[in-house]
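S.K.: next come a sequence and a model predicted from it.
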Amino acid sequence: MKLLKTTLCAALGMALAVGSVFAGGGAQSSGGQAAGGSGAKIAVTFAGTEGATSGQSRMMTEVTKTLNDSGRFDVKVYVAGALPGDTDNLVTQAKLGVNLVVPSDPGRLASQFNIPDLNILMAPYVLTDYKLLEKLPQTALYKEWQTALEAQGIILIADMFNGFRSFYTTTPVNNVADLSGLRLRGFGNAIGQALAKYLGYAQTTVNATEIYSGIQAKSLDGCEIQASTADSYRLYEVTPYLALSKHYMLQSSFVCGKALLDSMPAADRDFFLKTVNDAATKYSGIIAQEEQGYYDGFKTKGITVTEVDIAEFQQAVDPLYTNNDLKLTAGLKDRLFKELGL
């Protein structure tokens, strides 16, 4: 009971902090428009932790412009952790009724909302082609996950490809054994913990914005992260080695509170959903095209980029599936592949 009270107090405190961002946007009425008249605009804030130059941040900036240009929305965007709280905290605020759209990811959502099967979307070496994300929303599985999230007050709007995650380190990593004993920042969810378990490094969870300083302070030996974010955080200044393990196909899962979506008039809601989904599809392609450019750029900035043996890394994490560390439903992978037409 004490833990529950502490959690609720923390959530309410965060809601007050985030709420201050909307001072000037107006309180929301039950009709979905800012209080003050039928002509008032719908106030929405996009909030992410990635740097301003990352594909995810640019996508949210473009969506913000499109929505505002319609004259029906008053949208603001905050990136690089400008709003207080990590991703999970921001998603909680959206669930509680703050008008936020937050890019989370399937693994985070799986842990935060106790839907273990969502982990399959970012499980190591399961999905390896970003174009599959265009088919994903039409699958029965995806619709089931959306329904399960909606029952808990969260709307899964879209999944966007956000790059492959690899290891950026202060010492060379040429094979799995080289990861042993390293302190690396990664996902603190079940996926991140399982990856660390089978690849042999020590999992450390800090906010993404603290990676650079953690490496400088030698409390971290590196991280596993996507190229665009590594570039936007200037990690090439502190991590001279990159091992291209490409173990996760990272996705930005854009979510908002059910209350926000329900408050919008039908035409505005449709326009809002279409705008986010169209931008997610567009930027999935942009990020895929830009990724090799980031790797080439890292080389010119002094990073040693190593093409590791992917098969060795896959073999090392195979026990994750035989031991079912992610608590996936039996046959889930086969069902997902069948619905995706693989």
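M.R.: Thanks, I have the structure now.

S.K.: and the next element down the chain from the helix or strand hosting Val63?
M.R.: If you go by DSSP states H and E, Val63 is part of helix 55-69. Counting by DSSP H and E, the next helix or strand C-terminal to helix 55-69 is strand 73-78.

S.K.: and whichever helix or strand comes after that next one, how far out from the chain middle?
M.R.: Counting by DSSP H and E, the next helix or strand C-terminal to strand 73-78 is helix 87-96. For helix 87-96, the gap between its own C-alpha mean and the chain's C-alpha mean amounts to 13 Å (C-alpha atoms, centre = their mean, to the nearest Å).

S.K.: picking up where we left off before, against which helices or strands is the helix holding Val63 packed?
M.R.: For helix 55-69, the contact count by 3 or more C-beta pairs under 8 Å, 6 or more residues apart in numbering; DSSP states H and E identifies strand 42-47, strand 73-78, strand 100-104, strand 154-169, helix 227-232, helix 266-300 as packing neighbours. C-beta: built from backbone N, CA, C; applies to glycine.

S.K.: right, so of the ones you listed, which gets closest to Tyr130?
M.R.: Nearest to Tyr130, of all the helices and strands packed on helix 55-69, is strand 154-169, at 3.6 Å by C-beta to C-beta.

S.K.: which residue sits closest to Gln226 in space, ignoring its chain neighbours?
M.R.: Using C-beta to C-beta, 6 or more residues apart in numbering and skipping the chain neighbours, the partner closest in space to Gln226 is Gly163 (3.3 Å).

S.K.: also Val176?
M.R.: Distances taken as C-beta to C-beta, 6+ apart place Ala316 nearest to Val176, at 4.8 Å, with adjacent residues excluded.

S.K.: which ones are touching that neighbour?
M.R.: With contact set as C-beta atoms under 8 Å, 6 or more residues apart in numbering, Ala316 has these partners: Val176, Tyr198, Leu199.

S.K.: from Cys223, how far out is it?
M.R.: Ala316 sits 19 Å away from Cys223, going by C-beta to C-beta, to the nearest Å.

S.K.: same check, this time on Leu260
M.R.: Leu260 is 32 Å from Cys223, where distance means C-beta to C-beta.

S.K.: so for those two, which sits in the more crowded spot?
M.R.: With neighbours defined as other C-beta atoms under 10 Å, Leu260 and Cys223 compare such that Cys223 has more, 28 against 22.

S.K.: sec struct for that one, please.
M.R.: Using DSSP: H, G, I helix; E, B strand; the rest coil, the structure places Cys223 in strand.

S.K.: which pLDDT does the model give it?
M.R.: Cys223 carries a pLDDT value of 98.

S.K.: could you list the low-confidence segments of the protein?
M.R.: Residues of the chain that meet the criterion pLDDT under 70 lie in 1-38.

S.K.: re earlier: for the residue nearest to Val176, give me the backbone phi and psi.
M.R.: Recorded main-chain torsions at Ala316 are phi -70, psi -30, according to degrees, to the nearest 10.

S.K.: please begin residue numbering at 7 from this point
M.R.: Got it, the first residue is 7 from now on, which makes the last one we talked about Ala322.

S.K.: ok, it to Glu150 distance?
M.R.: The separation that Ala322 has from Glu150, given C-beta to C-beta, amounts to 31 Å.

S.K.: next one: Thr210
M.R.: Relative to Glu150, Thr210 is positioned 34 Å away (C-beta to C-beta).

S.K.: more neighbours: these two, which one.
M.R.: In this view Thr210 and Glu150 are compared by other C-beta under 10 Å, and Thr210 has more residues nearby, 19 against 12.

S.K.: quick check: that one touching Leu226?
M.R.: Yes - between Thr210 and Leu226 there is a contact under C-beta atoms under 8 Å: 6.2 Å.

S.K.: okay, and the common contacts of the two?
M.R.: Applying C-beta under 8 Å, 6+ apart, one finds that Thr210 and Leu226 are jointly contacted by Arg189, Leu190, Arg191, Gly220.

S.K.: which one is the last one nearest to, not counting chain neighbours?
M.R.: Translated: Gly220. Distances taken as C-beta to C-beta, 6+ apart place Leu226 nearest to Gly220, at 3.8 Å, with adjacent residues excluded.

S.K.: right, I'll leave it there.
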